[in-house]
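Asks: what would the 3D arrangement of this be:
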Amino acid sequence: MLSGYIPILVMLIVSAVIACVMVVGSAVLGPKKPSPYKATSYECGMTPVGTARERFPIKFYLIAMLFIVFDIETIFLYPWAVTYSGLPHALKVFELIEMAVFVAILFVGYFYILGKGALDWDESEQARAVDVLSPQVLAPRPAIRFGNEDSGPVRIPSTADRPAIAAFGANAEESQPVRR
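Replies: Below you'll find the predicted structure:
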């Protein structure tokens, strides 16, 4: 009876060995030139500012859950459609009515969440009540700060300032200064 699980055990062992070989191979073969610059976190070229623990509005989670509910509904429609064609006429009518009731219940739920405003992206009822040309809208906004404004001017070295690096392939062509 347990012999049926041997292929699963073999698959788990092989996948664990492959994962270990990849991790160890990367650690052994990879370049090791640590620096404080490489140890810092990378955020799209910007200096990281603030915490990574930002709060997201509950709307994101609500929309995700509603998407999953309606996505699973479509998954239930596919096997029903596959089995529907091979049924006798009496069962076809029964299954068609059954699926119509299922879809009707889902539409009731969909219109309920529409009525509750679960799919509205406004922040609150107060956001809908604000006039488009109110003083809050027309007031000047503060400048957007990215966190690297105080880092000073950026110095880009010219090709004459760079030391010659032995390079091969496409990098060899790029590292050679163009002389006219």
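Asks: where do the helices of the protein begin and end?
Replies: 6-29, 36-39, 58-84, 89-116, 125-129, 135-138, 170-175 (DSSP state H).
Asks: okay, buried residues for the first one please.
Replies: Counting neighbours by 16 or more other C-beta atoms under 10 Å, one finds that helix 6-29 has no buried residues. For every residue, glycine as well, the C-beta is placed using N, CA and C.
Asks: that older thread, could you export the helices of the chain as TSV, including mean pLDDT?
Replies: Listed next are the helices of the chain as TSV, based on pLDDT from 0 to 100:
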stretch	mean pLDDT
helix 6-29	95
helix 36-39	75
helix 58-84	86
helix 89-116	90
helix 125-129	55
helix 135-138	72
helix 170-175	51
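Asks: okay, now the closest residue in space to residue 110 that isn't next to it in sequence: neighbour count?
Replies: Nearest non-adjacent residue to residue 110, counting by C-beta to C-beta, 6 or more residues apart in numbering: residue 70, 7.3 Å away. Residue 70 has 13 neighbours, counted by other C-beta atoms under 10 Å.
Asks: what distance do you get for residue 70 to residue 89?
Replies: Remark: distance between residue 70 and residue 89 (C-beta to C-beta, to the nearest Å) = 31 Å.
Asks: same question, residue 19
Replies: From residue 19 across to residue 89, the span is 54 Å (C-beta to C-beta).
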